[in-house]
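**Student:** next comes the sequence, and after it the predicted model I'd like to discuss.
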Amino acid sequence: MTRSDNLDADVCSDAKRLLTPAAAATRVLEKLVRVAGVEAVSLGRARGRILRGPIAAPRSLPPFDHSAVDGYALALRASADDDTGFRLVGRVAAGQPMCGEVRPGDAVRIFTGAAVPAGCDVVVMQEHVDVSDGVVMPCRCYRAGDNIRLAGEDLPAGTDLLPEGTVIDPRHLALLAASGLSRVTVARRLRVAVISTGTELRAPGETLTEGAIYDSNRVMLLALLDHPAIETIDAGIVADDTVGIAAAIRRAAAGADLVITSGGVSVGEEDFVRGSVEAAGGYLTPIKIGMKPGKPLAFGRIGDACILGLPGNPLAALVGFMMIGLPLVSVLAGVPTASFREMRATASFARRVTPGRVEFAPACVTGRDAQGNPVVDALGRGGSARLMPLCSADGFCVIPADVEQVLPGDPVGYVPMDSLKLFG
Ligand code: AMP
Ligand code: MG
């Protein structure tokens, strides 16, 4: 595997200017292809799986002309003279079709969902007819075709049912079932391994020794990746040491399509991830991204697996995952990536910021401005290690890179917290 296979060396490393988050995501993703492999699953197990198709509708929907109401199906006469009424000759209910023949001037008692007998032109609601002595007399105007749902009016046979890459949700399941499909072909689950690096890290539940902290990134990232289309692999905590991290990464990469690490990805003396990936036979290129928090971040490959190195600070890891990890997973899973949902908003706060970097600040929505856009208040005073502002936030205020300070009333961006979901 060489650097040029999937990610140009210049994508991230020799860019003098910092990339915007969107440009960084585009450049990381542009040469990636979805992972191969499909399987057939029953509809009961298909929710959240990614359709590999396309699927042509095997039959029309609805499959036959049927009644939309309880009433009477009428076979109209050639002349419009209906004063004599219609002779009741039969009865059809859902799943119980007509046996006999229907001639002009005949009526058939019909119920919702029943096939409209051949020869009938209209269904008149039961409330709109008088029936006596076996004769049905409509008492309201009607037109041919009224209350009949035509075969194929929802979907003609042979039409594309659902596009490839659809993340199957309950609506799609209803459509697939209505079409008579009991199994669908879906992408095999994307395998994503998550590793926390840091000698100071302990798993919750363990005893904290001096200078140690609990690992919050792994459980957060695994939860962000929790999805029916993904098989997550908890690859544990690894101490800051090239040999140990290289072994963990090699092991994880052998069983995963994507390895996500957090911590140790910078270029300091205590940052071992890049060297470990290289020691394990891969490469990891820093992504020079003008974003705060969310730095440092790196992307590379090891064997057939991609590797995303996220920062150690939990808020930075979260923002990095949101900006690069989410679209990366979509591309590898073969789901068309939606563009990032950033809305216009107005700041209600004042803050000095680092120019040249887009800042993502946990924020609450406090109201609406004159245009109906959210008014947002940034929480805390910044700091990528802080979890409390994040946990009370409705989303992120996006402070543009070209400002030095934000004042109340200034335009900013806003990304709701629910954007932090896969295939969103
Ligand atoms: P690093 O990116 O390794 O320089 O780490 C930056 C900061 O994030 C340090 O204070 C680390 O202790 C902290 N950190 C690293 N990994 C984690 C983690 N998994 N959970 C919580 N904090 C972490
Ligand atoms: Mg560290």
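**Tutor:** Noted; the coordinates are in hand. Residues are numbered from 1 along each chain as shown. Ligands and ions are numbered 1, 2, ... in the order given.
**Student:** at the contact with ligand 2, which residues of the chain appear?
**Tutor:** Contact residues (Cβ under 5 Å from the ion) of the chain with ligand 2: 198, 263-264, 312. Heads up, the C-betas are built off the backbone N, CA and C, glycines and all.
**Student:** redo that, cut-off 8 Å
**Tutor:** Listed as neighbours of ligand 2 in the chain under the rule Cβ under 8 Å from the ion: 197-200, 240, 263-264, 270-271, 312.
**Student:** PyMOL command to pick out the buried ones of these?
**Tutor:** Restricted to buried positions by 16 or more other Cβ atoms under 10 Å, the PyMOL selection for the residues of the chain next to ligand 2 reads:
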select buried, resi 197+198+199+200+240+263+264+271+312
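**Student:** redo the residues of the chain next to ligand 2 as CSV? Include distance to Leu74, pLDDT and secondary structure.
**Tutor:** Formatted as CSV, the residues of the chain next to ligand 2 follow (distance: Cβ to Cβ, whole Å; pLDDT from 0 to 100; DSSP: H, G, I helix; E, B strand; the rest coil):
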residue, distance to Leu74, pLDDT, secondary structure
Thr197, 76, 98, strand
Gly198, 78, 98, coil
Thr199, 83, 98, coil
Glu200, 81, 98, coil
Asp240, 83, 97, coil
Gly263, 75, 97, coil
Gly264, 78, 97, coil
Glu270, 85, 91, coil
Asp271, 81, 92, coil
Gly312, 75, 96, coil
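**Student:** the stretch 301-424 of the chain: helices as residue ranges?
**Tutor:** With helices called from DSSP state H, counting those that start in this stretch, the stretch 301-424 of the chain shows them at 314-320, 326-333, 388-392.
**Student:** low pLDDT regions in this protein?
**Tutor:** Low-confidence segments of the chain (pLDDT under 70): 1-16, 80-82, 339, 382, 384.
**Student:** of all of it, which residue lies closest to ligand 1?
**Tutor:** Gly312 (2.4 Å; Cβ to the nearest ligand atom).
**Student:** need the phi and psi values for that residue.
**Tutor:** Dihedral pair for Gly312: phi -80, psi -30, per degrees, to the nearest 10.
**Student:** what residues are up against it?
**Tutor:** Listed by Cβ atoms under 8 Å, 6 or more residues apart in numbering, the contact set of Gly312 reads 197-198, 217, 262-265.
**Student:** ok, Met291 next?
**Tutor:** Counting by Cβ under 8 Å, 6+ apart, Met291 touches 20-21, 24, 319-320, 323, 357-360.
**Student:** now for the residues you listed, which pair is the farthest apart?
**Tutor:** Maximum pairwise distance among these (Cβ to Cβ): 15.3 Å, between Ala24 and Glu359.
**Student:** can you give me the strands for the stretch 1-150 of the chain?
**Tutor:** For the stretch 1-150 of the chain, the strands defined by DSSP state E, counting those that start in this stretch cover 38-42, 55-56, 66-67, 71-74, 86-92, 106-110, 122-125, 129-132, 135-138, 148-149.
**Student:** which parts of the stretch 101-250 of the chain are helices?
**Tutor:** Going by DSSP H, counting those that start in this stretch, the stretch 101-250 of the chain shows helices at 170-178, 217-224, 242-254.
**Student:** and those as a markdown table, adding mean neighbour count and distance to Gly53?
**Tutor:** Below are these laid out as a markdown table (neighbours: other Cβ atoms under 10 Å; distance: least, Cβ to Cβ, whole Å):
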| stretch | mean neighbour count | distance to Gly53 |
| --- | --- | --- |
| helix 170-178 | 14 | 11 |
| helix 217-224 | 20 | 27 |
| helix 242-254 | 20 | 30 |
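**Student:** could you dump those helices into TSV with distance to Asp106 added?
**Tutor:** Converted to TSV, those look like this (distance: least, Cβ to Cβ, whole Å):
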stretch	distance to Asp106
helix 170-178	31
helix 217-224	64
helix 242-254	73
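**Student:** so which of these comes closest to Arg191?
**Tutor:** The closest of the helices of the stretch 101-250 of the chain to Arg191 is helix 242-254. By Cβ to Cβ, the value is 9.4 Å.
**Student:** give the other helices and strands that that closest one contacts.
**Tutor:** Helix 242-254 sits against strand 190-197, strand 230-238, strand 258-262, helix 273-279, strand 297-302, strand 305-310, with contacts defined as 3 or more Cβ pairs under 8 Å, 6 or more residues apart in numbering; DSSP states H and E.
**Student:** most neighbours per residue, which of those?
**Tutor:** Of all the helices and strands packed on helix 242-254, strand 258-262 has the most neighbours on average by mean count of other Cβ atoms under 10 Å, namely a mean of 29.
**Student:** deepest of the strands of the stretch 1-150 of the chain, which one?
**Tutor:** Each of the strands of the stretch 1-150 of the chain was scored by mean neighbour count; the highest is strand 71-74, a mean of 27, by mean count of other Cβ under 10 Å.
**Student:** so which of the contacts of Gly312 are also by ligand 1?
**Tutor:** Counting by Cβ under 6 Å from any ligand atom, 198, 217, 262-264 from these sit close to ligand 1.
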